[in-house]
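Enquirer: Predicted coordinates and the sequence they were generated for:
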Amino acid sequence: MRMNEEFSVQSITDRVLTPALAEVEIAVTGPADEVRGRLMGPSCRFSSTVEVAYPLRPVEALPAAILQATIPEPCFWEPQSPFLYHGPVEFWRDGKLRSKLPISHGLRSLALGPPGLRLNSQPHFLRAVCRERPTEAELLELRQAGCNALVAPADPDLWDAADRLGFLMIGRPSPAMERVALRQHPSALGWLLKQDDAVLPGWRDFGYLGLELDRPLAGPPPSWASFIVCPLEMTPSSPMLGLPRLVRSRSEVSALPGLIGWIRF
């Protein structure tokens, strides 16, 4: 969510109409007579691209407006090739530009189910590590080592970097975090809670919930947990828990001091 006093971008959503056509929808609010904008892209830190401008068309009027852009031959966000679309949303009143808000969006679908994690309808395995506040240089080193997911404190700047550099993010919540804003990022996978944390109403609206093990489970996982994250040395037995893997194998993550994940359904 981008905000500037009274003007804000409330949400950005997308849907794939056909394999060759996608639509992005942006909800905005603000005391203006007109809202304009465009999306440009795709751009990718690791690929050469030709950026094209796609106009944002108003389909519902202010003060709570809906803008849409149609993108032919879309490029989808995923850790190996994190394609992004970006541009300004402009609020005009009395013939003057009152506010300009930057937006960035990655087209992607994400689902957890019995077969495991699927990104853009394809199986996707995690190589996740835990870091507190990594620099961009450290993130690039992790990417070079094969890491594609990160467990970290909720931080909008870190989620922005994950969008650009291609990491799926599992956030540790803080009281002041903006769950809605962070969920808008294509890098957002879910949130990580401990066994004794209270699960507040509405948590499931902000992404998948994972259980972080700081001690062995005494029984079955709690019903709210979609996946489990724990140190390699505390890895539970998959047959015992009946949980399909989020990672392909232990050996795949053994070179990265960090975490191994499991899905529960």
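Expert: Now that the structure is in, tell me what you want to look at.

Enquirer: check which helix or strand covers residue 159.
Expert: helix 156-165 (DSSP states H and E).

Enquirer: mind checking how far the residue nearest to residue 72 when sequence neighbours are not counted is from residue 94?
Expert: Excluding the flanking residues, the one nearest residue 72 by Cβ to Cβ, 6 or more residues apart in numbering is residue 21, at 5.7 Å. Yep, even glycine has a C-beta here, placed from its N, CA and C like the rest. Using Cβ to Cβ, to the nearest Å, one gets 37 Å for the distance from residue 21 to residue 94.

Enquirer: Looking at those two, which has the bigger crowd around it?
Expert: Just comparing residue 21 and residue 94: by other Cβ atoms under 10 Å the higher neighbour count belongs to residue 21, 13 against 7.

Enquirer: quick one: contacts of stretch 38-45?
Expert: Contact with stretch 38-45 is made by 24, 49, 51-56, 69, 71, 74-75, 81-88, 103, 105, 164-166, as judged by Cβ atoms under 8 Å, 6 or more residues apart in numbering.

Enquirer: Kindly report the domain assignment for this protein.
Expert: Domain segmentation of the chain under automatic domain parsing yields 2-105, 110-263.

Enquirer: With mean pLDDT as added columns, please give those in CSV.
Expert: Converted to CSV, the domains of the chain look like this (pLDDT from 0 to 100):
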stretch, mean pLDDT
domain 2-105, 92
domain 110-263, 80
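
Enquirer: quick one, what contacts the nearest residue to residue 121 once chain neighbours are set aside?
Expert: Spatial nearest neighbour of residue 121, excluding adjacent residues (Cβ to Cβ, 6+ apart): residue 109 at 6.4 Å. Residues counted as contacts of residue 109 (Cβ under 8 Å, 6+ apart) are 16, 118, 119, 120, 121.

Enquirer: which of these tops the neighbour count?
Expert: Counting by other Cβ under 10 Å, top hit in the contacts of residue 109: residue 119 with 20 neighbours.

Enquirer: so that one sits right up against residue 112, yeah?
Expert: No: in this structure residue 119 lies outside contact range of residue 112 using Cβ atoms under 8 Å: 10.5 Å.

Enquirer: Phi first, then psi, for residue 222.
Expert: Dihedral pair for residue 222: phi -60, psi 150, per degrees, to the nearest 10.

Enquirer: That one - nearest residue in space that isn't next to it in sequence?
Expert: Excluding the flanking residues, the one nearest residue 222 by Cβ to Cβ, 6+ apart is residue 211, at 6.5 Å.

Enquirer: OK, contacts around that neighbour?
Expert: With Cβ under 8 Å, 6+ apart, residue 211 has these contacts: 192, 193, 194, 195, 221, 222, 225, 227, 228, 229.

Enquirer: In ChimeraX, select just the buried ones from these.
Expert: A single ChimeraX command selects the buried members of the contacts of residue 211 (16 or more other Cβ atoms under 10 Å):
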select :192,193,221,225,227,228,229
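
Enquirer: before we move on, back to that, what are the pairing partners of the one helix or strand the residue nearest to residue 222 maps to, and which direction each?
Expert: Per DSSP H and E: residue 211 is located in strand 208-212. Partner strands and pairing direction for strand 208-212 (DSSP bridges) are strand 188-194 (parallel), strand 227-231 (parallel).

Enquirer: Strands of the stretch 101-250 of the chain, start to end?
Expert: Counting by DSSP state E, counting those that start in this stretch, the stretch 101-250 of the chain has these strands, from start to end: 110-113, 116-119, 122-123, 128-130, 149-153, 168-172, 188-194, 208-212, 227-231.

Enquirer: can you put the ones you listed in a markdown table and add distance to residue 140?
Expert: Shown next, in a markdown table, are the strands of the stretch 101-250 of the chain (distance: least, Cβ to Cβ, whole Å):
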| stretch | distance to residue 140 |
| --- | --- |
| strand 110-113 | 23 |
| strand 116-119 | 21 |
| strand 122-123 | 24 |
| strand 128-130 | 14 |
| strand 149-153 | 13 |
| strand 168-172 | 16 |
| strand 188-194 | 20 |
| strand 208-212 | 25 |
| strand 227-231 | 23 |
